[in-house]
Every structure is written in structure tokens, then in C-alpha cells.
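S.K.: build the 3D model from these lines:
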Amino acid sequence: MRAWPSLPRSAKIKATGYVISTFSVVLLAIVSWRSASRDSALALCLVCGATTSIIGMIMRLYSYEVEKTEPAD
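M.R.: Predicted coordinates for the structure are as follows:
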């Protein structure tokens with residue numbers, strides 16, 4: 001990924017949005033952990049859900065970089 005100063009404004013806005021979304025998922029997981037930790041299946045679902053959500057946001061952000069290198073149709 002390119003250095004922050006060289007990114008266009010739209011990419012900075014998208015990246016900031018994904019960082020905020022990731023932070024929100026972490027906060028929601030922290031709040032939910034107390035009740036989910038009482039049941040191993042719920043705890044596993046919470047951890048897997050938060051992890052896959054964060055990975056999905058990272059992949060969407062990375063897709064913008066990939067899009068720039070692909071030839072236009």
C-alpha cells in the first residue's frame with residue numbers, strides 16, 4: 001500500500017472509515033465478551049464474527065489498491 005501522504009483524498013476517507021469501523025467492531029466485542037464468555041460456543045462465535053468482520057474490511061480496503069492496477073475494460 002502506498003504511503004499516506006501520496007494517497008488521494010478519497011482513499012484517505014475510505015481508509016479512515018475502515019479504521020473507524022474496525023475500532024467499532026473491537027468495542028462491540030469488548031462489551032459483548034462478558035456475557036459471551038459464559039458459553040464457549042457464544043465466545044467462539046463472537047471472536048470469529050469480530051475477526052471475519054475486520055478481515056473483510058481490510059480486504060475491501062485492499063481491493064481499492066488492486067483496482068488501480070487492473071486494466072480498464
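
S.K.: so how far is the strand or helix carrying Val66 from its chain's centroid?
M.R.: Using DSSP states H and E, Val66 sits within helix 40-69. Averaging C-alpha positions (C-alpha atoms, centre = their mean, to the nearest Å) puts helix 40-69 5 Å from its chain's average.

S.K.: cool, and stretch 30-40?
M.R.: The answer for stretch 30-40 is 21 Å, by C-alpha atoms, centre = their mean.

S.K.: for stretch 14-27, which outside residues touch it?
M.R.: Leu7, Ala50, Ser53, Ile54, Met57, Ile58, Arg60, Leu61, Tyr64 (C-beta atoms under 8 Å, 6 or more residues apart in numbering). Where you see a C-beta, it was placed from the backbone N, CA and C, and this is true even at glycine.

S.K.: if we use 6 Å, what do you get?
M.R.: For stretch 14-27, contacts defined as C-beta atoms under 6 Å, 6 or more residues apart in numbering pick out Ala50, Ser53, Ile54, Met57, Leu61.
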